[in-house]
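Asks: whatever this is, show me its structure:
(chains A and B)
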Amino acid sequence: MTSSARMGVSQRDSTDSDSSPSTAAHKRKARRLEGAGFVVPQLALLLVFTFWPLTQVIALSFTRYDGFSDPEFFGLGNYQFLSEWADFQRIIFNNIVLLSGVILWVVVPFMLAILIFPMRGATVIRALLFVPAMLPPITVGVVFRIVLANDGPLNQVLSAVSFGLISPNWLTDSNIVLFSIILVICWATMGSGILFYSAGLAAISPSYIEAALLDGANKWQLVWHIYRPALSPITQFWVLLLSVTTITGFFPWIFALTRGGPGVASTTLDYAVYTTLLGGTQLGRGAAIAVISLLLMAVVVMIQVFMRRIRRADDWA
Amino acid sequence: MRFVSGVIVVLSVAIVMGPLLWVIRVALRPVNEFVAAPTDIGGTWTLENIIVAVTVGGMGSAILNSLLVISIGAPLAVLLGSMTGYALARFQFVGKGIIGAAVSIALFLPIAALVMPIFNLALDFGILNSLPWLAVIYGVIFSSWVTLFLRSYFVQLPSEIFEAAKVDGAGSVRTFVSIALPMAKPALATALVLSCFVQWSELLLALLLLPNGDTPTVPVGIAQFSSQYRTGGPQTAAGMIVGVLPILVLFLVGQRWLRAGTLSGSVKN
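Replies: Residues are numbered from 1 along each chain as shown, chains lettered A, B, ... in the order given. Presented below is the predicted three-dimensional model:
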């Protein structure tokens, strides 16, 4: 997205026979506007439904607003409140922990793609593993609310196998609930990741692998020195896709799995915005929470853009 | 080593298929048997829960509502995105960089951050509880990625064809409709399928913009379901299976295009 508009300076000057200054200028002007019409519908609609609401939510975050009377200016009051509110600190913590799930959501499909690639029936295996990716998050969430229930099938199996010792409260123990959610999201997304990585693996020339094997590389060296760099563009893409879709979209998972609980142990920023809206009286505070989630998203994207710049500069694979 | 790989892969498939098969089994058990023995998989098989889910449970009408929404919203998103994507790929107009940046920013904006003002907007304009308007909002909000996706596709098309069209005297619109769009069919189909999926599954906006609960989309219906009936009951399970079937059909039908589209547009970076 670094292309810059050439304002008023046309790269290609008119090469036709008519070279009078006014016609050339006219052609330059036409080129400056050519194609602009296509952009208008989406831009106009984005202005109405995205950018204007964006300014409104930022403005609202500096007010006290109960939904009925007019919003009343409150300066940084909401932000101050949030910074001191223990529940909110937990909420931020939740977002960061869930975000770190990206590591699992990348490593698992990466390894599975490599393991599956040379197998007979790899296509069928990948198709089966892709099924969860076709399910809407809320459906997956409800499925696992059932399966991970304290007396649900998973715990029944674990109990039976471990003589009643292992039977964690997956979704009701505030110490492990975030971990459970990370596992569920891994379950749902690994199929897509495997597809992307498999496409990348198909693009690696086999002679490259053979050469490495002939040189005496063992499996782990192969993974680290050959596969990891070769699949690095896919990893970058996958990490970006995961972070954008999960950070903006924790809501259905949380809603289905835990309703944010126990307490706020699994409430994320976007779920908190929802509960504030339902509560109806602290809409300014809700807006502040929304703005903070925006900032978090900006930070996450910036980090990735930054990492990409570093990678390019260092000339890593 | 190969044995261990095999075990890991088999385990993964079991972990993936297990919960799904279990939910399917639960959906096909009579409620009384489930209540008596919740984790049993034996017993009788019945379709009564599915029937209840579709009729009394409201899944049937929820599916129709969601179909209405995606039939408006998905084509809208693809239309908006392909127009802007085409312009960004093939023209050099004033402000092109800013517009490209704006679209990218819109892509990264979390919906949760915008729901409050959007709700107020809908409230002020009296378009709450309206499925078509929800579809329009979906079409706009979920159009940015289509723009970038189609842009990277159009950029790769050879310029000769467009230059030939220009020489033949075709205007921009004509070129777009008769040349660019047909050539972009795989990418357009991919964008359409994925847009349908995203809009079918969206929960937060639907919950807030359809507050009276009379015309729920499928996710809203599932959300209502899972609070009403005993969680985990066969009726919840049946509701979920029914709600997911149209999406599975969509993917089955669109899978050819999905594979072609994702491999060409996104991995290259």
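Asks: following the helix or strand of chain A with the lowest mean pLDDT, which helix or strand comes up?
Replies: Ranking every helix and strand in chain A by mean pLDDT, DSSP states H and E puts helix A:21-33 at the bottom, with a mean of 73. Following helix A:21-33 in sequence order, the next helix or strand is helix A:36-46 (DSSP states H and E).
Asks: same for that next one, what does it pack against?
Replies: With contacts taken as 3 or more CB pairs under 8 Å, 6 or more residues apart in numbering or on different chains; DSSP states H and E, helix A:36-46 sits against helix B:59-90, helix B:96-108, helix B:131-141. For every residue, glycine as well, the C-beta is placed using N, CA and C.
Asks: wait, which of the ones you listed is closest to B:Ala238?
Replies: Nearest to B:Ala238, of all the helices and strands packed on helix A:36-46, is helix B:59-90, at 8.1 Å by CB to CB.
Asks: does the closest one reach chain A?
Replies: Yes: using CB under 8 Å from any CB of the partner chain, helix B:59-90 reaches chain A at B:79-81, B:83-84, B:86-88, B:90.
Asks: over to stretch B:194-202?
Replies: Yes: counting by CB under 8 Å from any CB, chain A has neighbours in stretch B:194-202: B:197, B:200-201.
Asks: just how off-centre is that stretch within its chain?
Replies: 1 Å (CA atoms, centre = their mean, to the nearest Å).
Asks: could you dump the residues of helix B:59-90 next to chain A into a markdown table with pLDDT added?
Replies: Listed next are the residues of helix B:59-90 next to chain A as a markdown table, based on pLDDT from 0 to 100:
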| residue | pLDDT |
| --- | --- |
| B:Leu79 | 95 |
| B:Leu80 | 95 |
| B:Gly81 | 94 |
| B:Met83 | 93 |
| B:Thr84 | 93 |
| B:Tyr86 | 91 |
| B:Ala87 | 91 |
| B:Leu88 | 91 |
| B:Arg90 | 86 |
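Asks: of those residues, which is the most crowded?
Replies: B:Thr84 (29 neighbours; other CB atoms under 10 Å in any protein chain shown).
Asks: was I right about that one contacting A:Leu43?
Replies: Yes: between B:Thr84 and A:Leu43 there is a contact under CB atoms under 8 Å: 7.3 Å.
Asks: quickly list what's touching both of those two.
Replies: Overlap of the contact sets of B:Thr84 and A:Leu43 (by CB atoms under 8 Å, 6 or more residues apart in numbering or on different chains) consists of B:Ile99.
Asks: if we can go back for a sec, which one of the residues of helix B:59-90 next to chain A is nearest to A:Arg64?
Replies: B:Leu80 (36.7 Å).
Asks: what pLDDT does the model give the nearest residue to A:Thr63 once chain neighbours are set aside?
Replies: In space, and not counting its chain neighbours, A:Thr63 is closest to A:Pro71: 3.8 Å by CB to CB, 6 or more residues apart in numbering or on different chains. The per-residue pLDDT reported for A:Pro71 equals 82.
Asks: can you pull out the helices in the stretch 1-150 of chain A?
Replies: For the stretch 1-150 of chain A, helices defined by DSSP state H, counting those that start in this stretch occupy the ranges A:21-33, A:36-46, A:52-60, A:77-84, A:86-100, A:102-116, A:122-130, A:137-147.
Asks: now mean neighbour count too, for those helices, in CSV please.
Replies: Output for the helices of the stretch 1-150 of chain A, formatted as CSV (neighbours: other CB atoms under 10 Å in any protein chain shown):
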stretch, mean neighbour count
helix A:21-33, 13
helix A:36-46, 19
helix A:52-60, 19
helix A:77-84, 16
helix A:86-100, 16
helix A:102-116, 20
helix A:122-130, 16
helix A:137-147, 25
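Asks: a markdown table for these, including distance to B:Gly213?
Replies: Below are the helices of the stretch 1-150 of chain A laid out as a markdown table (distance: least, CB to CB, whole Å):
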| stretch | distance to B:Gly213 |
| --- | --- |
| helix A:21-33 | 48 |
| helix A:36-46 | 27 |
| helix A:52-60 | 24 |
| helix A:77-84 | 30 |
| helix A:86-100 | 27 |
| helix A:102-116 | 34 |
| helix A:122-130 | 33 |
| helix A:137-147 | 16 |
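Asks: return the member of those having the minimum mean pLDDT.
Replies: helix A:21-33 (a mean of 73).
Asks: elements contacting that one?
Replies: Helices and strands touching helix A:21-33, as assessed by 3+ CB pairs under 8 Å, 6+ apart, are absent.
Asks: give the contact list for the residue of the stretch 201-317 of chain A found nearest chain B.
Replies: Closest residue of the stretch 201-317 of chain A to chain B, CB to the nearest CB: A:Asp270 (3.2 Å). Taking CB under 8 Å, 6+ apart, we find A:Asp270 in contact with A:248-251, A:293, B:110-113, B:204.
Asks: on that earlier part again, so which of the helices and strands packed on helix A:36-46 is nearest B:Gly171?
Replies: Distance to B:Gly171, taken as CB to CB, is lowest for helix B:59-90 among these, at 13.3 Å.
Asks: and the angle from the closest one to helix B:96-108?
Replies: 160 degrees (axes from the mean of the first three to the mean of the last three CA atoms, to 10 degrees).
Asks: what inclination does helix B:59-90 have with respect to helix B:131-141?
Replies: 30 degrees.
Asks: list the buried residues in helix B:59-90.
Replies: B:59, B:62-63, B:65-70, B:72-90 (16 or more other CB atoms under 10 Å in any protein chain shown).
Asks: same question, stretch B:166-186
Replies: B:170, B:172, B:175-176, B:179-181, B:183-184, B:186.
Asks: closest to A:Val161 out of these?
Replies: Nearest member of the buried residues of stretch B:166-186 to A:Val161, counting by CB to CB, is B:Pro186, at 47.6 Å.
Asks: determine the number of other residues adjacent to A:Leu294.
Replies: 22.
Asks: repeat for the one 5 residues further on
Replies: When counting by other CB under 10 Å, one arrives at 10 neighbours for A:Val299.
Asks: tell me if whatever helix or strand it lives in is near chain B.
Replies: Element membership of A:Val299 [criterion: DSSP H and E] is helix A:283-314. Yes: judged by CB under 8 Å from any CB, helix A:283-314 and chain B are in contact via A:283, A:286-287, A:290-291, A:293-294, A:297-298, A:301.
Asks: and whatever residue of the stretch 1-150 of chain A ends up closest to chain B, what does it touch?
Replies: The stretch 1-150 of chain A approaches chain B most closely through A:Gly35 (2.8 Å), counting by CB to the nearest CB. The contact partners of A:Gly35, by CB under 8 Å, 6+ apart, come to B:86-87, B:90-93, B:172.
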